[in-house]
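>>> coordinates only, sequence not included:
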């Protein structure tokens with residue numbers, strides 16, 4: 001924090017101005033209740049889980065399909081896990097899908113199908129951390145909780161010109177956000193603050209001329225809003241290497257199998273691979289232990305690059321033909337294989353194999 005920015009003595013921005021701006025400029029999102037409507041905790045919960053590490057524009061079509069298929073927490077609890085994973089395919093971070101299904105069953109089993117309202121019970125739900133519990137509390141139940149996502153961090157960093165870089169500044173930014181909470185309309189305020197960050201206080205080229213908090217913003221007064229939030233130097237992602245085995249039978253069908261429930265891409269359908277998070281590449285002899293069949297495997301010239309949360313993955317693609325179709329998995333016609341519930345990295349692998 002600069003010495004010319006005594007935060008403890010600085011006047012906080014006006015919640016009333018933000019709410020007035022939100023009333024006129026709120027984003028129309030399928031999970032968001034209209035003005036005067038009572039929010040549906042189920043829709044809020046599903047959207048918040050989907051929005052974890054995923055952009056709004058990518059979530060909207062998935063959310064619409066998901067809610068059409070399972071409009072209530074009871075319906076989701078009664079669903080088959082494989083159906084939920086299939087609906088989730090392509091959205092990424094598949095642990096979220098497992099958590100949704102498990103939590104739906106827990107809410108029906110232990111709470112009679114009614115979402116708990118207190119923060120402690122919300123945090124006890126699978127996949128619900130401090131942020132999601134706060135978002136549910138504010139948006140679904142209009143409780144005074146401090147909802148701080150990336151958009152809110154950016155707004156607070158600019159309003160108070162916080163020089164401490166992210167991620168170290170998260171604690172400071174959360175404390176500043178708590179100071180700015182209103183006395184009422186907590187759900188609208190939380191969503192308004194998120195919308196402010198998404199619509200006006202964007203990472204690049206912020207529209208300070210339209211911002212309801214422009215007069216209170218230290219970064220704007222300094223003329224350097226784009227310089228905030230400041231960020232620590234990024235650590236280069238680790239690199240991982242693995243092998244994907246694409247097996248065809250005599251009819252040209254592709255062999256797919258369900259991955260173990262625990263681990264990367266847990267419970268999802270795909271081609272067999274060596275461990276995706278192995279720190280050291282396996283020798284070819286070691287890799288063959290993960291092949292679905294013995295035989296002659298041919299390495300394709302083109303491989304697959306895929307970025308995961310904590311590392312970048314380079315996948316070599318090898319192909320072979322099986323003499324028999326008796327394996328623990330499924331055989332899918334090549335023209336239908338991409339219609340399956342496949343994670344995006346598997347779609348990349350199969351596109352390479354099918355085009356070779």
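Yes, it's here. Not measured: the values here are computed from a predicted model. Residues are numbered from 1 along each chain as shown.

>>> Can you show me the strands along the stretch 151-300 of the chain?
Shown for the stretch 151-300 of the chain, the strands assigned by DSSP state E, counting those that start in this stretch span residues 238-248, 254-258, 269-270, 298-299.

>>> So which elements touch the first one?
To tie it back to what came earlier, the one meant is strand 238-248. Here strand 238-248 touches strand 254-258, strand 311-321, helix 344-354, going by 3 or more C-beta pairs under 8 Å, 6 or more residues apart in numbering; DSSP states H and E. All C-beta atoms are positioned from the backbone trio N, CA, C, and that covers glycine.

>>> For the last one, which residues meet the burial criterion?
In other words, helix 344-354. Residues 345, 346, 347, 348, 349, 350, 352, 353, 354 are the ones in helix 344-354 that count as buried (16 or more other C-beta atoms under 10 Å).

>>> Then the first one?
For strand 254-258, a neighbour-count test (16+ other C-beta under 10 Å) marks 254, 255, 256, 258 as buried.

>>> which other residues reach stretch 198-213?
Stretch 198-213 is contacted from outside by 13-14, 17-18, 20-21, 25, 27, 56, 151, 154-155, 158-159, 196, 214, 217, 220, 225-226, using C-beta atoms under 8 Å, 6 or more residues apart in numbering.

>>> Might you calculate how far it sits from the centre of the chain?
Mean-position distance between stretch 198-213 and its chain equals 24 Å (C-alpha atoms, centre = their mean, to the nearest Å).

>>> Rounded mean pLDDT for that stretch, please.
For stretch 198-213, mean pLDDT is 96.

>>> just to revisit the earlier point, show the buried residues in the contacts of stretch 198-213.
Applying 16+ other C-beta under 10 Å to the contacts of stretch 198-213 flags 13, 17-18, 21, 151, 154-155, 158-159, 196, 214, 217, 220, 225 as buried.

>>> Columns distance to residue 77 on top of those residues, output as JSON lines?
Formatted as JSON lines, the buried ones among the contacts of stretch 198-213 follow (distance: C-beta to C-beta, whole Å):
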{"residue": "13", "distance to residue 77": "42"}
{"residue": "17", "distance to residue 77": "42"}
{"residue": "18", "distance to residue 77": "37"}
{"residue": "21", "distance to residue 77": "39"}
{"residue": "151", "distance to residue 77": "31"}
{"residue": "154", "distance to residue 77": "37"}
{"residue": "155", "distance to residue 77": "37"}
{"residue": "158", "distance to residue 77": "42"}
{"residue": "159", "distance to residue 77": "42"}
{"residue": "196", "distance to residue 77": "36"}
{"residue": "214", "distance to residue 77": "47"}
{"residue": "217", "distance to residue 77": "45"}
{"residue": "220", "distance to residue 77": "48"}
{"residue": "225", "distance to residue 77": "46"}
